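turn this into a structure:
(one chain, ligands or ions: 1)
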Amino acid sequence: MRSYPNLNDKYDVSELENLNAHPWQLEMLKKNPSYVYWGNHEDCMSDDNGGWRSPISLKSWKDHFKLDELNELVNFYFFIRRDSHQCPHCDGDGLNPESKAIFDNWYSFEDRSKRWCDKINDAEVEALVKAGRLHDLTKPTFAVNSKKLSTTNYWFDEETNKWIGWVEINGKSRKVQVHKPEYPTAAQVNAWESTGRGFGHDAINRNICCRTRAINQGVYGECKHCVEGRIYDAENATLKLQMWFLHPRKGASRGVLVEEILENEISDVISYLKEAKKRNNQRFGKL
Ligand SMILES: [Zn+2]
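Below is the predicted model of the structure:
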């Protein structure tokens with residue numbers, strides 16, 4: 001977890017419950033910059049030759065670098081992780097064996113007779129259309145001033161179980177119930193998938209179809225050995241600190257990860273980050 005959780009978001013709440021994090025650890029996430037999507041061994045921070053550009057990990061805060069003109073700290077973020085490993089029973093899918101078989105067989109390259117990505121049924125087509133998929137094959141049946149709605153201005157609302165659209169009425173855009181669009185038949189979708197004339201199903205479509213099939217067969221469920229594909233090795237979460245240093249003389253930047261920050265080290269860590277903030281301000285201070 002890299003950002004303070006949104007307690008109205010069910011995924012954030014579920015992640016939070018699984019993490020078993022202390023409140024002081026969560027508080028540190030509030031100090032993060034808004035962009036927290038890079039880190040050691042991610043994107044281009046993967047160089048592994050041990051040079052000045054290679055990311056490094058420090059076991060504890062005690063090993064941190066002194067800040068000077070050869071070690072300029074230019075960015076950071078705290079994050080929380082609970083050590084875990086991939087569940088061997090479900091290969092990390094988090095599904096029971098019956099549901100997993102449905103997902104695995106979607107593309108099934110080994111046994112083509114089990115492959116069903118080009119053999120979906122009408123219930124699965126309906127699930128796809130309701131999730132806003134299959135735009136190319138779906139026709140709106142509601143038109144305003146003979147202008148047909150586009151896929152971006154009508155959608156299926158799960159809460160009310162109705163099709164809703166933004167419709168222009170007397171010059172004003174209003175949200176009203178609209179007719180359900182004309183779904184393609186399963187045969188049309190399967191031809192679209194198998195002939196390669198369209199883009200075909202992506203990972204989101206696969207997920208929707210597999211889940212729908214597993215639910216309709218009454219087998220959908222989670223793996224009983226893990227939590228969302230992971231087996232936790234640690235009781236609690238650990239607070240980690242990702243930093244990004246520049247070494248101007250070597251023309252290098254590198255990720256430096258501190259594997260564990262303890263509660264009694266927080267004030268020292270904050271002082272250190274404030275020192276970096278001051279250095280960053282000073283470098284541009286004469287402008
Ligand atoms: Zn599992």
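
which parts of the protein sit against the ion?
Proximity of the chain to the ion (CB under 5 Å from the ion) is limited to residues Cys87, His89, Cys90, Cys223, His225, Cys226. In short, each C-beta sits where N, CA and C put it, glycine included.

which ones are touching the third one?
With contact taken as CB atoms under 8 Å, 6 or more residues apart in numbering, Cys90 is in contact with Asn96, Pro97, Lys100, Cys223, His225, Cys226, Gly229.

please redo it, this time with the cut-off set to 10 Å
Contacts of Cys90 were listed using CB atoms under 10 Å, 6 or more residues apart in numbering, and they are Asn96, Pro97, Ser99, Lys100, Phe103, Glu222, Cys223, Lys224, His225, Cys226, Glu228, Gly229.

check which helices and strands the helix or strand where the fourth one lies is in contact with.
Assigned by DSSP states H and E, Lys100 falls within helix 97-105. Secondary structure elements in contact with helix 97-105, counted by 3 or more CB pairs under 10 Å, 6 or more residues apart in numbering; DSSP states H and E, are helix 203-216.

looks to me like Phe76 is in a strand.
Yes - counting by DSSP: H, G, I helix; E, B strand; the rest coil, Phe76 is part of a strand.

how about low-confidence regions in the stretch 51-200 of the chain?
Across the stretch 51-200 of the chain, the ranges flagged by pLDDT under 70 are 142-149, 151, 197-198.

swap the cut-off to 90 and go again
The model of the stretch 51-200 of the chain has pLDDT under 90 over residues 51-53, 107-113, 135-154, 165-181, 194-200.

what ranges do the helices span in it?
Ranges of helices within the stretch 51-200 of the chain are 97-105, 122-130, 186-195, based on DSSP state H, counting those that start in this stretch.

list the buried residues of stretch 11-31.
Glu15, Leu16, Asn18, Leu19, Ala21, Gln25, Leu26, Met28, Leu29 (16 or more other CB atoms under 10 Å).

ok, back up a step: tabulate the CA atom coordinates of the helix holding Lys100 in PDB.
Below are the C-alpha coordinates for helix 97-105, written out as PDB (Å, rounded to 0.1, in the frame of the first residue of the first chain):
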ATOM      1  CA  PRO A  97     -10.100 -25.400  -8.100                       C
ATOM      2  CA  GLU A  98     -13.500 -25.400 -10.000                       C
ATOM      3  CA  SER A  99     -13.300 -21.700 -10.700                       C
ATOM      4  CA  LYS A 100      -9.600 -21.900 -11.500                       C
ATOM      5  CA  ALA A 101     -10.300 -24.600 -14.100                       C
ATOM      6  CA  ILE A 102     -12.800 -22.200 -15.900                       C
ATOM      7  CA  PHE A 103     -10.200 -19.400 -15.900                       C
ATOM      8  CA  ASP A 104      -7.400 -21.700 -17.000                       C
ATOM      9  CA  ASN A 105      -9.400 -23.200 -19.900                       C
END
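
any idea how far the spatially closest residue to Val176 that is not a sequence neighbour is from Gly39?
Counting by CB to CB, 6 or more residues apart in numbering, Val167 is the residue found nearest to Val176 once chain neighbours are left out, at 5.2 Å. Taking CB to CB, to the nearest Å as the measure, Val167 falls 45 Å from Gly39.

one more: Ser194?
Taking CB to CB, one finds Ser194 at 40 Å from Gly39.

out of these two, which sits in the more crowded spot?
Applying other CB atoms under 10 Å to Ser194 and Gly39 shows that Gly39 carries more neighbours, namely 18 against 12.

tell me the contacts of Arg115?
Asn105, Trp106, Tyr107, Ser108, Phe109.

my guess is the third one contacts Cys117. True?
Yes - contact between Tyr107 and Cys117 holds when scored by CB atoms under 10 Å: they sit 5.8 Å apart.

which residues do those two both contact?
His201, Arg206.

my guess is the residue nearest to Val176 meets Tyr154, correct?
Yes - the pair formed by Val167 and Tyr154 meets the contact definition of CB under 10 Å, at 8.5 Å.

between these two, which contacts overlap?
By CB under 10 Å, 6+ apart, the residues touching both Val167 and Tyr154 are Phe142, Lys175, Val176, Gln177, Val178.

which ones among the residues you listed lie within strands?
The members of the shared contacts of Val167 and Tyr154 that map onto strands under DSSP state E are Lys175, Val176, Gln177.
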